[in-house]
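Q: Sequence and predicted structure are below.
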Amino acid sequence: MQLSEAKILIIDDDVDVLSAAKLLLKRHAKAVDIEKNPQKLPFLVTNADYNLILLDMNFTRDVNSGREGFHWLDRILDINPSAKVIMITAYGDIEMAIRAIKAGAIDFVLKPWENDKLVATIQTALEANPAPAAIQPAPGNTSEKGKEDKKGKTQTDTIVASSAAMQQVLNTSERVATTDANVLILGENGTGKTQLARHIHQHSKRSDKPFVTVDLGSISESLFESELFGHVKGAFTDAKEDRAGRFEEAKGGTIFLDEIGNLTLPLQAKLLTVIQERKVTRVGSNKPISLDVRLLCATNMNIEKMVAEKSFRQDLLYRINTIELELPPLRERPEDISALAEYYLKLFSKKYNRPVSDISSALIKKMQQYNWPGNIRELQHAIERAVILSQGKTLQPDDLFLKTTGNQPTTATGFDLEDMEKTMIVKALKRFNGNITDTARELGLSRAALYRRMEKYGL
Ligand SMILES: Nc1ncnc2c1ncn2[C@@H]1O[C@H](COP(=O)(O)OP(=O)(O)OP(=O)(O)O)[C@@H](O)[C@H]1O
């Protein structure tokens with residue numbers, strides 16, 4: 001839809017912002033309504049057919065948390081799930097803008113805005129299809145679901161594996177998938193252990209039965225038994241009715257015990273008994289129930305070392321590691337980086353309706369030089385942010401924020417370029433009393449590039 005045919009609503013409690021926006025937009029749009037009081041939003045959204053809503057993140061009642069903006073965004077989307085909402089955010093709120101887009105806003109503009117940029121953002125939003133709430137299946141891949149993992153990030157079923165190391169892990173995992181062997185998956189955080197466990201399940205003869213994941217790191221010692229083995233009514237104060245545990249839920253399928261290295265020794269003993277006997281007894285009962293469950297486990301800890309230090313039982317390790325698969329950290333498989341980056345670029349540009357379609361070779365190089373302490377989860381997160389924030393069609397090195405870590409290559413001169421850059425920005429900001437446009441001009445940066453650097457350095 002063209003802006004000249006669009007009916008736009010602007011909600012902001014700052015009358016100056018409202019008048020400035022109206023003055024600008026009425027020259028381009030068919031109709032522009034303004035409203036100072038967000039309480040009127042439900043009425044307005046229900047009764048008028050707006051093609052686009054510009055919504056402030058922060059109202060005076062709740063100065064900077066943006067919570068009110070999120071609340072009103074939710075209300076609008078409840079009333080009209082396909083509403084197009086552009087959030088108006090103040091400088092320094094990039095994190096919140098990203099959250100708003102994840103929550104369903106179509107885009108955001110930073111205050112004070114550049115007129116041309118605002119008009120262009122609105123036009124792009126009007127032309128876009130409403131953002132799908134969840135990631136849609138990739139064409140030709142019906143098993144692709146796209147959901148949030150336990151750390152709130154996108155989880156997909158596609159395993160990107162270009163490197164020889166990953167190919168080998170995949171081949172072995174597919175071979176062992178068809179057996180009932182217990183598998184222990186080792187690897188740093190975010191290397192894809194959960195994803196590989198699901199892959200093994202999907203390639204096993206149990207694939208049409210449940211795949212049950214248990215994060216042992218997040219279950220308290222007191223709840224361990226009832227959570228895993230179930231309980232009968234009256235077994236303890238809160239046991240209002242009989243409940244099956246996770247092992248029983250996985251009947252006929254696979255149970256994936258993540259973070260197994262976090263189990264205390266007494267709990268290791270309990271788990272060992274269940275695995276040896278292939279039976280569970282619900283808390284408060286004396287009737288053992290036979291299990292038909294395939295066991296997969298994972299840990300990011302050095303389990304051999306734990307055995308040597310006697311903090312992990314050797315007999316339990318022998319039970320769970322019939323096959324051991326090790327996922328290499330991302331920094332040891334740079335060949336996977338560009339394939340992963342391309343994969344997530346496509347996924348997120350589609351999810352957020354962004355026109356970004358390429359990654360520059362300079363950015364790929366930057367990514368290959370980085371050490372990725374958070375592995376694939378970190379890469380996924382970095383690309384997601386870059387896609388949301390990027391202004392162009394091709395992602396450039398500046399579009400990607402990477403944490404600087406001790407393992408990063410440093411400059412041979414002993415000067416830290418990033419420290420120098422930060423100092424220059426601080427000085428320029430001071431000199432121009434925080435004026436972004438003047439500071440950016442002085443430093444030879446675009447305003448967006450300056451904002452990105454300010455965010456990177458926490459300014
Ligand atoms: N080979 C891969 N290709 C594409 N995406 C991947 C791949 N491996 C992992 N991912 C994605 O990276 C994220 C982290 O993966 P996953 O949760 O499996 O890691 P993990 O090793 O289990 O992490 P943790 O140790 O924190 O439990 C997920 O969103 C997952 O979908």
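A: Structure received. Numbering: from 1, shown residues only.

Q: C-alpha only now, for contacts and for neighbours.
A: Fine.

Q: And residue 249, how far from residue 273?
A: With distances taken as C-alpha to C-alpha, to the nearest Å, residue 249 is found 19 Å from residue 273.

Q: Who has more neighbours out of these two?
A: residue 249 (20 against 14; other C-alpha atoms under 10 Å).

Q: hang on, the more buried one packs against residue 213?
A: No: under the criterion of C-alpha atoms under 8 Å, residue 249 is not in contact with residue 213, lying 10.3 Å apart.

Q: In the stretch 351-459 of the chain, what residue comes closest to the ligand?
A: residue 377 (4.2 Å; C-alpha to the nearest ligand atom).

Q: I figured that residue hits residue 194, correct?
A: No: using C-alpha under 8 Å, residue 377 is not in contact with residue 194, being 11.6 Å away.

Q: which of these two has more neighbours?
A: Between residue 377 and residue 194, residue 194 has the larger neighbour count (other C-alpha under 10 Å), namely 21 against 18.

Q: check which helix or strand covers that one.
A: In this assignment (DSSP states H and E), residue 194 forms part of helix 193-202.

Q: Give me the contacts around that helix.
A: Here helix 193-202 makes contact (C-alpha atoms under 8 Å, 6 or more residues apart in numbering) with 155-157, 159, 173-174, 176-177, 185-187, 207, 211, 253-254, 256, 258, 296, 298, 327.

Q: what residues does the stretch 351-459 of the chain put near the ligand?
A: 376, 377 (C-alpha under 6 Å from any ligand atom).

Q: For the stretch 351-459 of the chain, which segments count as strands?
A: Counting by DSSP state E, counting those that start in this stretch, one finds strands in the stretch 351-459 of the chain at the ranges 358-359, 394-395.

Q: which one of these is the most hemmed in?
A: Comparing the strands of the stretch 351-459 of the chain on average neighbours per residue, with mean count of other C-alpha atoms under 10 Å, the densest one is strand 394-395 at a mean of 20.

Q: State the pLDDT value of residue 429.
A: At residue 429, the model reports a pLDDT of 83.

Q: State the number of residues packed around it.
A: If you count neighbours by other C-alpha under 10 Å, residue 429 ends up with 19.

Q: so residue 55, which of the three states?
A: What DSSP: H, G, I helix; E, B strand; the rest coil gives for residue 55 is strand.

Q: how close does it sit to the ligand?
A: 30 Å (C-alpha to the nearest ligand atom, to the nearest Å).

Q: surely that residue meets residue 85?
A: Yes: shown here, residue 55 and residue 85 form a contact pair, counting by C-alpha under 8 Å, at 6.7 Å.

Q: which neighbours do the two share?
A: Among the neighbours of residue 55, those also in contact with residue 85 (C-alpha under 8 Å, 6+ apart) are residue 73.

Q: Past the helix holding residue 194, which element shows up next along the chain?
A: Downstream of helix 193-202, the next assigned helix or strand under DSSP H and E is strand 211-215.

Q: what's that following strand packed up against?
A: Packing partners of strand 211-215 (3 or more C-alpha pairs under 8 Å, 6 or more residues apart in numbering; DSSP states H and E): helix 246-249, strand 254-258.

Q: which non-adjacent residue is nearest residue 13?
A: Closest residue to residue 13 apart from its sequence neighbours, by C-alpha to C-alpha, 6 or more residues apart in numbering: residue 36 at 4.5 Å.

Q: Mind telling me what element residue 116 is part of?
A: Using DSSP H and E, residue 116 falls in helix 115-127.

Q: From the chain's centroid, how far away is that helix?
A: 27 Å (C-alpha atoms, centre = their mean, to the nearest Å).

Q: elements contacting that helix?
A: Packing partners of helix 115-127 (3+ C-alpha pairs under 8 Å, 6+ apart): strand 107-111.

Q: Show residues contacting stretch 316-333.
A: With contact meaning C-alpha under 8 Å, 6+ apart, stretch 316-333 is reached by 163, 165-166, 169, 173, 176, 181-188, 191-193, 268-269, 272, 275-276, 295-297, 336-337, 368, 370-372, 375-376.

Q: I'd say residue 24 and residue 115 touch.
A: Yes: Residue 24 lies in contact with residue 115 (C-alpha under 8 Å); the separation is 7.4 Å.

Q: where exactly do the helices run in the stretch 151-300 of the chain?
A: All helices of the stretch 151-300 of the chain, identified by DSSP state H, counting those that start in this stretch, fall at 164-177, 193-202, 221-229, 246-249, 265-277.

Q: For residue 303, find the nearest of those.
A: Nearest to residue 303 among the helices of the stretch 151-300 of the chain is helix 265-277 (13.1 Å), distances taken as C-alpha to C-alpha.

Q: Would you map out the domains in this structure?
A: With domains defined by automatic domain parsing, the chain comprises 3-127, 134-153+331-409, 164-327, 411-459.

Q: distance between the second one and the chain's centre?
A: Okay, so that is domain 134-153+331-409. 11 Å.

Q: cool, and the shortest one?
A: Centroid separation for domain 411-459 versus its chain: 28 Å, with C-alpha atoms, centre = their mean.

Q: cool, and the third one?
A: On the basis of C-alpha atoms, centre = their mean, domain 164-327 sits 25 Å off its chain's mean C-alpha point.

Q: is the ligand contacted by it?
A: Yes: on the criterion C-alpha under 6 Å from any ligand atom, domain 164-327 is in touch with the ligand at 188, 189, 190, 191, 192, 193, 194, 195, 300.

Q: how many neighbours does the last one have?
A: This means residue 300. For residue 300, the neighbour count with other C-alpha under 10 Å is 20.

Q: Phi, psi for it please.
A: In this entry, residue 300 is assigned phi and psi values of phi -100, psi 10 (degrees, to the nearest 10).

Q: My guess is it contacts residue 188. True?
A: Yes: using C-alpha under 8 Å, residue 300 is in contact with residue 188, at 4.8 Å.

Q: what does the helix holding residue 116 contact?
A: For helix 115-127, contacts defined as C-alpha under 8 Å, 6+ apart pick out 1, 2, 3, 24, 25, 51, 52, 84, 86, 106, 107, 109.

Q: can you redo the residues you listed as TSV with secondary structure and pLDDT?
A: Formatted as TSV, these follow (DSSP: H, G, I helix; E, B strand; the rest coil; pLDDT from 0 to 100):
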residue	secondary structure	pLDDT
1	coil	87
2	coil	91
3	helix	92
24	helix	94
25	helix	95
51	coil	95
52	strand	96
84	coil	94
86	strand	94
106	coil	91
107	strand	89
109	strand	88
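
Q: Narrow those residues to those that are buried.
A: Taking 16 or more other C-alpha atoms under 10 Å as the criterion, what is buried in the contacts of helix 115-127 is 3, 24, 25, 51, 52, 84, 86, 106, 107, 109.

Q: Does the nearest residue to the first one once chain neighbours are set aside belong to a helix, a strand or coil?
A: In other words, residue 3. Excluding the flanking residues, the one nearest residue 3 by C-alpha to C-alpha, 6+ apart is residue 29, at 5.1 Å. Judged by three-state DSSP, the three-state class of residue 29 is coil.
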